[in-house]
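Enquirer: Would you be able to build a 3D model of this:
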Amino acid sequence: MMPKILLVEDDMQLAKNLSLFLSSEGYSVVHAPGQKTAIEAFEKNAFDCVLLDLTLGDGSGFTVCTAIRAVSDVPVIFLTASADEACTVAGLELGADDYINKPFRPRELLARMKNAMRRHNNSPAAMTCGSISIDTSRGTVTKNDTEIFLSAMEYRLLLTFLTNKGKLLTRDRLAEELWSVSGEFISDNTLNVYMKRLREKIEDDPQHPSIIVTIRGMGYKAVDK
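Expert: Presented below is the predicted three-dimensional model:
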């Protein structure tokens, strides 16, 4: 069965071209030109991925994303002409899986779609590691049954570790995972900052971590004790 894509885009020429491209790559595409039609289409169909324009003629992509996240954890990728960092952060914190600035290369979009769908298919609805639990359907994280609040990048980093629990993850692999979400190059220093912030929120003793441990000279590993 062909993967089904919901394309929410009010630029009709772009929507036509993108629909033709995705169809040629083996995807079934349903086009919704606005907020109202997008929500109606999602209520009537099961989709494998949603490509969502941020600015719509009758509303906002943020509203569509919120409506989708209330009932589903299907991958959502924002497509937008806005390069504003605040918009990127807002979209990711609403639960979007990726954020791609226009103009974009169709092949890059296709690769990032596949990555988002692969992560979604490989991730169970709930994952635990020690005292930490992630509910991916709600996008929530708890520690000892008390909800803790992570930034979008901290959430993605933790999700990567729990999806690969017990496996060694190199710094390059982690940087690639974060880059796919932010769309920007992740430096060693930036990764260090995210690791420090995440450990401060999930570890009982961040100076001596027991959930995400460092494998010196190699990378990190999530350990379920």
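Enquirer: The helix or strand that N17 is a member of: which residues count as buried?
Expert: Per DSSP states H and E, N17 falls inside helix 12-24. The neighbour-count check on helix 12-24 (16 or more other Cβ atoms under 10 Å) flags 15, 18-19, 22 as buried. From N, CA and C alone the C-beta is placed, and that goes for glycine too.
Enquirer: what does stretch 53-71 give?
Expert: For stretch 53-71, the neighbour count (16+ other Cβ under 10 Å) marks 53-54, 56, 61-65, 68-69 as buried.
Enquirer: try stretch 101-121
Expert: Residues of stretch 101-121 classed as buried by neighbour count (16+ other Cβ under 10 Å): 109, 112-113, 115-117, 119.
Enquirer: As CSV, those with secondary structure and pLDDT would be great.
Expert: Shown next, in CSV, are the buried residues of stretch 101-121 (DSSP: H, G, I helix; E, B strand; the rest coil; pLDDT from 0 to 100):
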residue, secondary structure, pLDDT
L109, helix, 89
R112, helix, 85
M113, helix, 89
N115, helix, 82
A116, helix, 84
M117, helix, 86
R119, helix, 76
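Enquirer: Kindly reformat the buried residues of stretch 53-71 as a markdown table containing pLDDT.
Expert: Formatted as a markdown table, the buried residues of stretch 53-71 follow (pLDDT from 0 to 100):
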| residue | pLDDT |
| --- | --- |
| D53 | 91 |
| L54 | 87 |
| L56 | 88 |
| G61 | 88 |
| F62 | 88 |
| T63 | 90 |
| V64 | 91 |
| C65 | 90 |
| I68 | 89 |
| R69 | 84 |
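Enquirer: Show me those that map onto strands.
Expert: The strands, defined by DSSP state E, take in 53, 56 from those.
Enquirer: Could you tell me which of the buried residues of stretch 53-71 are located in helices?
Expert: Applying DSSP state H to the buried residues of stretch 53-71, the entries found in helices are 61-65, 68-69.
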